[in-house]
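A.B. asks: quick check, what structure comes out for this input:
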Amino acid sequence: MAQATIGWIGTGVMGVSMAKHLMAAGHPLVIHTRTRARAEPLLAAGAQWAESPLAVAEQSEIVCSMVGYPEDVEVTHLGPQGTLSAAKAPALLIDFTTSSPALAQRIAERGAALGTHAIDAPVSGGDIGARNATLSIMCGGTEAAFQAARPILDLVGKTVVLQGPAGAGQHTKMVNQLLIAGTMLGMAEALSYAKKAGLNPETVLQSVGGGAAASWSLTNLAPRILKSDFAPGFFIEHFLKDLRIALDEARALGLDLPCATAAERTYRALAEAGYARAGTQAIVHAYGW
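C.D. replies: This is a model prediction of the structure:
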């Protein structure tokens, strides 16, 4: 039985790996991304190019997106050349971008009016999780939409959970990013302390990495820091975007989040200093690393 054709929009650090998993499962892919050169590995593997999100939707039964910012998501799906402006809307739309909960709700409402199941499905796990298909995927949408999307989600993720109606996936991703914000600040401060105290950071990690202080960031990003590897598994500029969404949502909920505020301030200073396209582990530069 032929696999459904999937449209894929966005081929950044994580998007290429995720799309490769779908192709490996036998799905024909139709690709669009802002910079065509980034799609070349997928095109070379047999994916077809489309000139716009609308053109992607016209050739696909399922459309997935993994773009940068909420404004990109809006143009991709709700714009005049967006997927939901196609003469025949796709049966299923999955947006993996971390974006605004309100925008996810608008997309789901527009999709429902056109007969499209829409899921907001932001992910966590970075470039490693994307390559290994072990992402955690936080979903918002109806139960019917989630069940329709589940076979696709299982190809790219390991932990796949429906959190509630449209927008709930994005709210859950904000929880995830708030947890990471605190962890990254703590890790940067701790490694800086170890260095200043004259300790061997590698042996320090052996001790603290297996105890109560263990975390994904400590396991996966601290070794990169010690190797002076600041290549992006996740761009600082994108994490800043996420923190700003989280803080906006928190203010709407009447919450004051001092830790997230400190993280946003630290990362903003790094971005202004030229580290916007570095990985989030470059936070240690704020501590004189």
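A.B. asks: find the nearest non-adjacent residue to residue 167, please.
C.D. replies: Excluding its sequence neighbours, the residue lying closest to residue 167 (Cβ to Cβ, 6 or more residues apart in numbering) is residue 101, at 3.6 Å. Every residue, glycine included, has its C-beta placed from N, CA and C.
A.B. asks: tell me the SS of residue 182?
C.D. replies: helix (DSSP: H, G, I helix; E, B strand; the rest coil).
A.B. asks: what's near enough to touch it?
C.D. replies: The contact partners of residue 182, by Cβ atoms under 8 Å, 6 or more residues apart in numbering, come to 259-260, 263.
A.B. asks: any chance of CSV for those, columns distance to residue 57?
C.D. replies: Listed next are these as CSV, based on distance: Cβ to Cβ, whole Å:
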residue, distance to residue 57
259, 40
260, 36
263, 37
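A.B. asks: got any ranges where this structure has weak pLDDT?
C.D. replies: Applying pLDDT under 70 to the chain flags residues 1.
A.B. asks: what residues are up against the spatially closest residue to residue 215 that is not a sequence neighbour?
C.D. replies: Of all residues not flanking residue 215 in the chain, residue 183 sits nearest, at 5.2 Å (Cβ to Cβ, 6+ apart). For residue 183, the contact set (Cβ under 8 Å, 6+ apart) comprises 215-218.
A.B. asks: do the same with residue 180
C.D. replies: Shown in contact with residue 180 (Cβ under 8 Å, 6+ apart): 124, 217, 239, 280.
A.B. asks: tally of neighbours for the last one?
C.D. replies: Put plainly, it is residue 280. Using other Cβ atoms under 10 Å, residue 280 is surrounded by 25 other residues.
A.B. asks: the first one now?
C.D. replies: Under the neighbour criterion other Cβ under 10 Å, residue 124 is assigned a count of 20.
A.B. asks: now the residue nearest to it when sequence neighbours are not counted: which helix or strand?
C.D. replies: Leaving aside its sequence neighbours, residue 124 sits nearest to residue 136 (Cβ to Cβ, 6+ apart; 4.6 Å). Using DSSP states H and E, residue 136 sits in strand 135-140.
A.B. asks: helices or strands next to that strand in the packing?
C.D. replies: Counting contacts by 3 or more Cβ pairs under 8 Å, 6 or more residues apart in numbering; DSSP states H and E, strand 135-140 is packed against helix 101-114, strand 117-120, strand 123-124, helix 143-156, strand 157-164, helix 168-196.
A.B. asks: which elements pack onto the shortest one?
C.D. replies: This means strand 123-124. The contact analysis (3+ Cβ pairs under 8 Å, 6+ apart) places strand 123-124 against strand 135-140, helix 168-196.
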